[in-house]
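# from the sequence below, what's the structure:
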Amino acid sequence: MADVMTLMEVGGPVAATVGGAAYLRARHPAAYWSTVGMPISTARLLGSYGSVMDACGLTVPPSRLRAWAVQAFTHREVRPVPPRRGLIRPTSTGLRVRLRLAPGQEPADVAASAERLRHAWGVHGAYV
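Model prediction:
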């Protein structure tokens, strides 16, 4: 009997949260985006930004100074540098991120990778 009570105590709030999220998504999409979708998308973008940019071929080799500093002070391997990411600005229809491209990169490179970025971050669309 104690197992059933524990399941009800733990499962009740979880079921209420999942049910509330499903209700918001069906009836009030803007509220769902603000409370559930935006934080999840932001966390996904922040957590995988460097590896996704590297997989899409949007990284450049580090400068000699940066490579020397990494090897001298941390004794780690020198990794390629992704484009600098600006602030993530939420809008009513999605997230807006401004990238500062490294010398030698062009917006056409990012535009060619937009479909891969969209798929990697699990978002509806990635526009350049």
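# make it CA atoms for all contacts and neighbour counts henceforth
Noted.
# neighbours around the closest residue to His124 other than its chain neighbours, how many?
Of all residues not flanking His124 in the chain, Arg118 sits nearest, at 6.7 Å (C-alpha to C-alpha, 6 or more residues apart in numbering). Per other C-alpha atoms under 10 Å, the neighbour tally for Arg118 reads 14.
# export the strand or helix carrying Arg118 to CSV, keeping only CA atoms.
In this assignment (DSSP states H and E), Arg118 forms part of helix 114-121. Listed next in CSV are the C-alpha coordinates belonging to helix 114-121 (Å, rounded to 0.1, in the frame of the first residue of the first chain):
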residue,chain,number,x,y,z
ALA,A,114,20.4,26.4,-42.2
GLU,A,115,18.6,23.1,-42.8
ARG,A,116,21.2,21.2,-40.8
LEU,A,117,21.0,23.8,-38.0
ARG,A,118,17.2,23.5,-37.9
HIS,A,119,17.4,19.7,-37.6
ALA,A,120,20.2,19.7,-35.0
TRP,A,121,18.4,22.1,-32.7
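# that older thread, contacting residues around the residue nearest to His124?
By C-alpha atoms under 8 Å, 6 or more residues apart in numbering, the contact set of Arg118 is His124, Gly125, Ala126.
# residues contacting the most centrally placed residue in the chain?
Among the residues of the chain, the one closest to the centroid is Leu45, at 0.8 Å (C-alpha atoms, centre = their mean). Leu45 sits next to Trp121 when contact means C-alpha under 8 Å, 6+ apart.
# what about 10 Å?
Taking C-alpha atoms under 10 Å, 6 or more residues apart in numbering as the criterion, Leu45 is in contact with Pro39, Val52, Ile88, Leu95, Leu117, Ala120, Trp121, Gly122, Val123.
# repeat for Val18
By C-alpha under 10 Å, 6+ apart, the contact list for Val18 reads Leu24.
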